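Asker: sequence first, then the predicted structure, then my questions.
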Amino acid sequence: MKSMSAENILKELVAFPVLGGESNLEIIYWIQNYIEQYGVKTYLVPNTENTKASLHCRIGPETDGGTILSGHTDVVPVKGQDWLTDPFKLIDKADGNLYGRGSCDMKGFLACCLAALPKLTKASLKTPIYFAFSYDEEIGCLAAPALITHIKATYKENPKFAIIGEPSMLKPIIGQKSIHILDVYVNGSAGHSSRIKQEVSAVHEAARLVLWAEQKMDTLIKSGPIDNRFNPPHSSLHVGRIQGGIAPNIIADKAMFSMDIRAIPSDSGHDIYQDFINHCKEKEAELKVVFPGFKINIKENHPLVPALNTDENAEVVALIKKITGHQEWHTVSYASEAGQFANAGFQSIICGPGSIEQAHRANEFISKTQLQQGVIMIEALIEHSKDSALN
C-alpha cells in the first residue's frame, strides 16, 4: 500500500461492516498492514477466542511523556434505519459531507491518524506518539482495559497523555458521565387476576422497581452534588424498555426492564448500582413470604464504564487547546473509553473530528472540512512532540 489521503483511507475503513460484538479482524489486519509498510512495529491484543483484536504501536523514541491517540474500529447497527445510501460505502455528496456508517463515529479519527502516519514516521520526535485502536467500544467499551494493560506491559517508557478521538468538532472534552446498563428480570407467580393480593405479579414488582429508580434519581438531585458542567447536571437513572405479561386477566409471572445509570464524576456509579442491588435483595426477602419462588435477577448489559473528570488546568487540556486552537472546554453525558485511560494513569481528554449529533443515526456523515482539520490537529501534535521544551 502507498500513502493515502484521509478521505481515501476513510473509504476503505467504512467498507468494513464491523458491528460491536462482531469480529473485527479484517479491518484490524488492514490497519496493521498499512501501518507496518512504514516500518512501524505493531502489537495485536486478541480476545480469548482470537476472533477480535485491538492494535497498538509506538512511533518515536523510547522516552516518557508521549501521547496515545485512541479510537475504536466497531460501529453501531444500521438495521431499521432509513438510509438513503449504502451505509458501508463512503458517499461524497455535493454538500461537502462524506456519508457512511462510522464516518463520524469514529473511523474519521482513525483515518486522520493513518493519513498523518507518513509525516509522523519522518519526524524527529522528542517524545513518542502511540496509536491504540480497540474493538467492542459500542457495546460497553469492553476491549479498552486489556488494550491499556498490554500497552503498559509492552513499553518501558510511560506515555503521559491519551487523546480519545470521539467526535467533538475538535473541541476539548474534559468530562463525561459514567454509564452502567442493566437488564432486570423479575420472576413472580402466575394466577387469575382476581387473586392479585394472594400472588406476586412480576409486572407490578417491576413497576415498583422502576419507581424506585425514579425516586433514587430525585434523591440524588435533592441531596447533591450538582455538576453544572453537564446537562442534566446530576446523575440519572432511566428505564428505556419494559415488558411482561400475556393477558390483562392473568397475573404475570415474568417481566423485565432495561435501565441505564449515568453518574456525574462526583457520584459513584458503583454505589448507585449497589443501592439498587440491596433494594432488590430486600424486596426478595419480603415477597418470598408470599411466593417462595420470587426472584429478581440483574444482568449487566455492559459493565460500568467509568467517568472522565480531567482538571481544566491539566497539561493535556493546554495541549489540546494549542493543537486545535479551541480554547473552551466542554463535557458530555455519553460514554467513551476516556475514563478507562484516565483511571490507568494517563491524562485523558476527548477530542476528535465530526459532530456527535451525527453518531448512531441514519445517513451519518463527517464533513470534509472536519476530516482535514483532524489531520491538521495530528500534524500539530507531531510538531509539538518534536520540541522537547514543550513536553
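Answerer: Alright, I've got the coordinates.
Asker: would you mind pulling the contact partners of whichever strand or helix holds Q215?
Answerer: Assessed by DSSP states H and E, Q215 sits inside helix 202-223. By Cβ atoms under 8 Å, 6 or more residues apart in numbering, the residues outside helix 202-223 that reach it are 184, 186-188, 196, 234-239, 242, 244-245, 252-257, 259, 267, 272, 275-276, 279-280, 283, 287, 294, 296. Using the backbone N, CA and C atoms, a C-beta is placed for each residue, glycine as well.
Asker: try 7 Å this time
Answerer: Helix 202-223 is contacted by residues 184, 186-188, 234-237, 239, 242, 244-245, 252-255, 257, 259, 267, 272, 275, 279, 283 when judged by Cβ atoms under 7 Å, 6 or more residues apart in numbering.
Asker: so which of these are in strands?
Answerer: Those of the contacts of helix 202-223 mapping onto strands are 184, 186-187, 236-237, 239, 242, 244, 254-255, 257, 259, per DSSP state E.
Asker: so which of those residues is the most crowded?
Answerer: Neighbour counts for the ones in strands among the contacts of helix 202-223 peak at V186, which has 29 neighbours (criterion: other Cβ atoms under 10 Å).
Asker: show the contacting residues for that one.
Answerer: Neighbours of V186 in contact, by Cβ under 7 Å, 6+ apart: 202, 205-206, 255-256, 296.
Asker: how about the helix holding Q215: buried residues?
Answerer: 202-207, 209-210, 212-213, 216-217, 220 (16 or more other Cβ atoms under 10 Å).
Asker: what about stretch 32-52, average pLDDT?
Answerer: For stretch 32-52, the mean pLDDT works out to 97.
Asker: do the same with stretch 103-122
Answerer: Here stretch 103-122 scores 97 as its mean pLDDT.
Asker: contacts for it?
Answerer: 3-6, 9-10, 13-14, 34-35, 38-40, 59, 69, 71-72, 90, 129, 131, 133, 165-167, 352-355, 358-360, 364-366, 371, 374-375, 378-379, 382.
Asker: please save the CA atoms from that stretch in PDB.
Answerer: The C-alpha atoms that make up stretch 103-122 are tabulated as PDB, following Å, rounded to 0.1, in the frame of the first residue of the first chain:
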ATOM      1  CA  SER A 103     -17.600   8.100   9.000                       C
ATOM      2  CA  CYS A 104     -18.100  10.300  12.100                       C
ATOM      3  CA  ASP A 105     -18.100   7.700  15.000                       C
ATOM      4  CA  MET A 106     -15.200   7.200  14.800                       C
ATOM      5  CA  LYS A 107     -13.500   5.900  11.700                       C
ATOM      6  CA  GLY A 108     -12.900   9.500  10.700                       C
ATOM      7  CA  PHE A 109     -10.400   9.900  13.500                       C
ATOM      8  CA  LEU A 110      -8.700   6.600  12.600                       C
ATOM      9  CA  ALA A 111      -8.400   7.900   9.000                       C
ATOM     10  CA  CYS A 112      -6.800  11.100  10.300                       C
ATOM     11  CA  CYS A 113      -4.300   9.100  12.300                       C
ATOM     12  CA  LEU A 114      -3.300   6.900   9.400                       C
ATOM     13  CA  ALA A 115      -3.200   9.800   6.900                       C
ATOM     14  CA  ALA A 116      -0.700  11.600   9.200                       C
ATOM     15  CA  LEU A 117       1.500   8.500   9.500                       C
ATOM     16  CA  PRO A 118       3.900   9.200   6.700                       C
ATOM     17  CA  LYS A 119       4.800  12.600   8.200                       C
ATOM     18  CA  LEU A 120       4.800  11.100  11.600                       C
ATOM     19  CA  THR A 121       7.400   8.400  10.800                       C
ATOM     20  CA  LYS A 122       9.700  11.000   9.200                       C
END
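Asker: what residue of this structure is the furthest out?
Answerer: S194 (47.3 Å; Cα atoms, centre = their mean).
Asker: and that residue, what does it touch?
Answerer: S194 makes no contacts at all, as judged by Cβ under 7 Å, 6+ apart.
Asker: sorry, back to before: pull the most distant pair out of the contacts of V186.
Answerer: Greatest spacing in the contacts of V186, by Cβ to Cβ: E205 and M256 (11.4 Å).
Asker: any stretches of this structure with poor pLDDT?
Answerer: Applying pLDDT under 70 to the chain picks out residues 1-2, 388-391.
Asker: for ChimeraX, write the select line for the buried members of the contacts of stretch 103-122.
Answerer: Only the buried entries of the contacts of stretch 103-122 go into this ChimeraX selection, using 16+ other Cβ under 10 Å:
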select :4,6,9,10,13,14,34,35,38,40,59,69,71,72,90,129,131,133,165,166,167,352,353,354,358,359,360,364,365,366,371,374,375,378,379,382
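Asker: hmm, back to that, turn the ones in strands among the contacts of helix 202-223 into TSV, including distance to W329.
Answerer: As requested, the ones in strands among the contacts of helix 202-223 are exported to TSV (distance: Cβ to Cβ, whole Å):
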residue	distance to W329
V184	36
V186	42
N187	47
S236	22
L237	27
V239	32
I242	37
G244	44
K254	47
A255	43
F257	36
M259	30
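Asker: which residue packs closest to the most centrally placed residue in the chain, ignoring adjacent ones?
Answerer: For the chain, the residue nearest the mean C-alpha position is S336 (2.8 Å; Cα atoms, centre = their mean). If the residues on either side of it in the chain are set aside, S336 comes closest to E166, at 5.0 Å by Cβ to Cβ, 6 or more residues apart in numbering.
Asker: rewinding a little: my guess is the residue nearest to the centre of the chain contacts I349, does it?
Answerer: No: look at S336 against I349 with Cβ atoms under 7 Å: they stay out of range, at 10.5 Å.
Asker: reduced to three states, what does G140 come out as?
Answerer: Under the three-state scheme (DSSP: H, G, I helix; E, B strand; the rest coil), G140 adopts coil.
Asker: begin at 47, not 1, for the rest of this chat.
Answerer: Will do, 47 is the new start, and the previous item becomes G186.
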